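Novice: This is the structure alone, sequence omitted:
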């Protein structure tokens, strides 16, 4: 994110309604005003996520792996094939070390297991946004 005055733009790719609702609540209660004031786009499928990504600039993608129309890691590879932005956080209930490693090999910037601890997710998001502002990369 280059303009620190512009609101943060987050895309949440998640097919479960309850999980989308939970993230909305977590962001609404975030202590960081940048996260609390973020513009949140939601996509329950990869197809809808691709449409959102194609329609405008997104700073951060929160991405489930198992979606009705495919594997979220395919979207990670597409996003990262275009450059370092946006940052991508893979969120998955599959917490086996091999799955986490696969997400990182695909190009995700972070992996957050589900169910997540809200403070941990917000800290991960803030770290990635700060890294994007300073031009650094990596977890």
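Specialist: All right, it came through fine. Just so it is clear, the model here is predicted, and its values are computed rather than measured. Numbering: from 1, shown residues only.

Novice: Select the longest helix from this protein.
Specialist: What stands out as the longest helix in the chain, according to DSSP state H, is helix 118-134.

Novice: how far does stretch 61-69 sit from the chain's center?
Specialist: With C-alpha atoms, centre = their mean, to the nearest Å as the basis, stretch 61-69 stands 10 Å off its chain's centre.

Novice: Flag every buried residue along it.
Specialist: By 16 or more other C-beta atoms under 10 Å, the buried positions in stretch 61-69 come out as 61, 62, 63, 64, 65, 67. The way it works is simple: take the backbone N, C-alpha and C, and place the C-beta from them, glycine included.

Novice: Can you give the contact residues for it?
Specialist: Residues outside stretch 61-69 that contact it (C-beta atoms under 8 Å, 6 or more residues apart in numbering): 10-16, 19, 23, 44-47, 49, 53, 71-73, 75-76, 79, 86-92, 94, 99, 103, 108, 125.
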